[in-house]
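>>> Just to be clear, the model below is a prediction. Sequence and coordinates:
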Amino acid sequence: MDGPFLFVSGIGTEIGKTVVTAAIAATALAGGRSVAVLKPAQTGLTADQPGDVAEVVRLAGPLTGRELARYPDPLAPATAARRAGLPSVGPAEIAKSAEALAEDHDLVLVEGAGGLLVWFDEGGSTLADAARRLDAPVLVVTTAGLGTLNTTALTVEALRARRLVCPGVVIGSWPHRPDLAARCNLDDLPRVADAPLLGAIPAGAGALPPDAFRARAPGWLTPPLGGRRPH
């Protein structure tokens with residue numbers, strides 16, 4: 001990827017964005033790059049619970065992690081902030097934090113919450129608005145099976161409508177025994193997204209011991225993400 005920023009979004013929640021972020025971070029670290037991970041808003045956790053940034057650090061290794069806001073309810077950031085009576089996080093703050101991290105790091109990964117167009121504040125700002133401020137590419141994390149073609153195509157279409165680049169798609173959890181739909185989607189996802197398939201993370205990869213995760217991560221990603229998986 002050109003430039004220091006890569007946003008990681010997806011077609012919904014609980015699809016493997018954090019593990020994909022960790023795999024990209026681990027691969028970059030193995031290649032000698034310095035890495036920072038920014039989580040603009042963590043929802044569904046209390047202050048004393050480890051969040052997505054901690055999970056990326058655990059799996060990927062030594063990197064800089066930053067979380068801008070945390071809300072206890074497992075809801076969209078704008079809704080969770082309102083219910084908690086706490087300030088929301090807008091695109092200007094996200095972009096400013098990412099730029100500050102880029103001063104000292106080769107790669108800044110910004111992991112979203114839920115899908116691309118989830119609201120971060122009451123004005124309806126989204127992760128796409130933050131990416132637009134930085135003219136940053138947005139990687140789309142998707143699922144393997146039935147239904148993924150439509151939601152992936154819609155997400156990529158929303159990115160391009162906002163004049164954002166989608167460098168490709170990564171499957172967040174590739175099943176150990178893929179069914180017919182999943183096998184066909186390996187060919188169909190790049191076609192409907194008009195963007196390359198840049199990787200597939202095996203189901204359960206996040207449960208691997210960190211040393212094993214770091215050793216295997218480059219094999220899950222293609223060369224544009226620093227990996228060695230064939231296109």
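Noted; the coordinates are in hand.
>>> any weak-confidence spans in this protein?
Applying pLDDT under 70 to the chain picks out residues 1.
>>> Try it again at 50.
Along the chain, no part satisfies pLDDT under 50.
>>> And the helices in it?
Assigned by DSSP state H, the chain shows helices spanning 17-30, 52-60, 77-84, 91-102, 127-134, 148-161, 180-193, 210-220.
>>> With L45 as the reference, name the closest of those.
helix 52-60 (8.9 Å; CB to CB). For the C-beta atoms, the positions are set from N, CA and C on the backbone; glycine is no exception.
>>> how about the closest one: buried residues?
Neighbour counts over helix 52-60 (16 or more other CB atoms under 10 Å) mark D52, V53, A54, E55, V56, V57, L59, A60 as buried.
>>> State the distance from the second one to G226.
The span separating V53 from G226 equals 20 Å under the rule CB to CB, to the nearest Å.
>>> The fifth one now?
In this structure, V56 and G226 are 16 Å apart, going by CB to CB.
>>> show me what contacts A131?
F5, F7, V110, P137, V138, L164 (CB atoms under 8 Å, 6 or more residues apart in numbering).
>>> Point out the most buried one among the helices of the chain.
A comparison of these by mean neighbour count, using mean count of other CB atoms under 10 Å, puts helix 17-30 on top with a mean of 26.
>>> Counting by contacts, list what that one packs against.
Contacts defined by 3 or more CB pairs under 8 Å, 6 or more residues apart in numbering; DSSP states H and E place helix 17-30 against strand 5-10, strand 35-39, helix 52-60, strand 107-111, strand 138-142, strand 169-174, strand 197-202, helix 210-220.
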